[in-house]
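*Asks:* Give me a 3D structure for the following:
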Amino acid sequence: MPSPSTDPISYTAQIVAAKRAIEQSLPVPLFNDPYAATLAGDEVENLLSKWQKVAERQGRSLEDVIAKRTRYIAIRTRFFDGLLLATLSQLSEPQVVILGSGLDTRAYRLPWPVATNLYEVDLPEVLDYKANALWNIKPNCRHHMIAGDLENFQTGWIARLLEAGLKQENPTIWILEGVVMYLPEPSAHSLLRTVAALSCPGSVLGMDMVRSGSIRAAESAKNSDRGRVVRHWQFGCDEPQQLLRGYGWSAEVSQPQDVEIAHGRYPESMPVTAEVGGHQQERGVWLVKARKNK
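*Replies:* Residues are numbered from 1 along each chain as shown. Okay, here's the model as predicted:
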């Protein structure tokens, strides 16, 4: 089966799926995803081969290397799983929108309330790849795949989302997982503005972001031909609460190492600086859950 696309964002989706699949091999995985390996394809073996060489070079076990290299994806996945399951029980007509869903498998693996409408928005070739790979797996919800490019509003995904049944008058749970850092800054703001406009009070937003220092580190990685994923990052923010407040959201912000489920996977303190152009720049990742106020 061919990969979904050579587009860097689609390509990174396969790497993320591979990391979710590899997480399943650990003694105590942070979540259960029986479908990630099918979607990841050869990328699982590609990563394991590279990490085996890292383990040998550093004199560590492969399991230790896996635990480190998958920990952010594992914690992020579990964080948003928890946000979804905790919030769904509060909604009488649950509706969820996963923007830039990539090779996400939540439609198939989470125990959704029967009446849940789940909308996934991504490039058509990504959605087609996933639908074909999982053709024999039945979603646990009312599942809608919406083709569209989040960076190009002319692709009509907003209209298709509303035509598929999204009710603006009802609270929505939005998930932007591994999305905004890949967008140019104007596009990131346009997307956040759109999500806010489609959300009534009581809606919930889950997203992750990176600091501006991480963007500078990503640019350095790209220049030195490193970092298959981070080299594509474009937008960072050092004040996510303030950013979202401007769009009508009240946000709680955490770093991955501070999330309770991270204990045992992250050290108590993480290095947050990187040499970029001769200067030390702060870098880091935010995990965000927010509620729409107005």
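
*Asks:* contacts, neighbours, all on C-alpha from now
*Replies:* Noted.

*Asks:* which residues are contacting stretch 50-62?
*Replies:* Under the criterion C-alpha atoms under 8 Å, 6 or more residues apart in numbering, residues 65, 66 lie in contact with stretch 50-62.

*Asks:* Can you list the buried residues in that stretch?
*Replies:* For stretch 50-62, burial by neighbour count (16 or more other C-alpha atoms under 10 Å) applies to 51, 52, 55, 62.

*Asks:* Regarding the protein, what is its longest helix?
*Replies:* helix 62-88 (DSSP state H).

*Asks:* partners of the helix or strand just after that one, with directions?
*Replies:* Following helix 62-88 in sequence order, the next helix or strand is strand 95-99 (DSSP states H and E). Strand 95-99 sits in its sheet next to strand 117-122 (parallel), strand 173-176 (parallel), going by DSSP bridges.

*Asks:* Could I get the CA-only coordinates of the longest one as PDB?
*Replies:* It refers to strand 117-122. This file holds the C-alpha atoms of strand 117-122, laid out as PDB (Å, rounded to 0.1, in the frame of the first residue of the first chain):
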ATOM      1  CA  ASN A 117     -20.300  12.600  15.900                       C
ATOM      2  CA  LEU A 118     -16.600  12.600  15.100                       C
ATOM      3  CA  TYR A 119     -15.300  14.700  12.200                       C
ATOM      4  CA  GLU A 120     -11.800  14.300  10.900                       C
ATOM      5  CA  VAL A 121     -10.400  17.000   8.600                       C
ATOM      6  CA  ASP A 122      -7.200  16.400   6.500                       C
END
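
*Asks:* now that strand: how far from the chain's centre is it?
*Replies:* 14 Å (C-alpha atoms, centre = their mean, to the nearest Å).

*Asks:* Over to stretch 56-76?
*Replies:* 19 Å.

*Asks:* ditto for stretch 43-57
*Replies:* 23 Å.

*Asks:* next one: stretch 247-255
*Replies:* With C-alpha atoms, centre = their mean, you get 16 Å for stretch 247-255.

*Asks:* thinking again about what came up before, cross the buried residues of stretch 50-62 against helices and list the overlap.
*Replies:* Checked against DSSP H, these include these in helices: 51, 52, 55, 62.

*Asks:* Against residue 63, how distant is the second one?
*Replies:* Pointing back at residue 52 there. 9 Å (C-alpha to C-alpha, to the nearest Å).

*Asks:* One more: residue 95?
*Replies:* Residue 95 sits at a distance of 38 Å from residue 63 (criterion: C-alpha to C-alpha).

*Asks:* neighbours around residue 89, how many?
*Replies:* For residue 89, the count of nearby residues is 12 (other C-alpha atoms under 10 Å).

*Asks:* Next one: it, what pLDDT does it get?
*Replies:* Listed pLDDT for residue 89 reads 89.

*Asks:* What separation is there between it and residue 112?
*Replies:* Taking C-alpha to C-alpha, one finds residue 89 at 10 Å from residue 112.

*Asks:* those helices in the protein, which residues are they?
*Replies:* Ranges of helices within the chain are 8-23, 36-40, 43-58, 62-88, 106-109, 124-133, 157-163, 185-197, 212-223, 240-245, based on DSSP H.

*Asks:* would CSV of those helices with distance to residue 251 be doable?
*Replies:* Formatted as CSV, those follow (distance: least, C-alpha to C-alpha, whole Å):
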stretch, distance to residue 251
helix 8-23, 25
helix 36-40, 30
helix 43-58, 35
helix 62-88, 13
helix 106-109, 23
helix 124-133, 30
helix 157-163, 24
helix 185-197, 13
helix 212-223, 19
helix 240-245, 5
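
*Asks:* Residue 148 contacts residue 124, doesn't it?
*Replies:* Yes. Between residue 148 and residue 124 there is a contact under C-alpha atoms under 8 Å: 6.7 Å.

*Asks:* Would you mark the buried spots in the longest helix of the chain?
*Replies:* Within helix 62-88, the residues that count as buried by 16+ other C-alpha under 10 Å are 62-63, 65-67, 69-80, 83-84, 88.

*Asks:* again with stretch 195-210
*Replies:* Under the neighbour-count criterion of 16+ other C-alpha under 10 Å, stretch 195-210 has 195-196, 198-210 buried.

*Asks:* What is the nearest of the residues you listed to residue 21?
*Replies:* Within the buried residues of stretch 195-210, the smallest distance to residue 21 is 20.4 Å, found for residue 208 (C-alpha to C-alpha).
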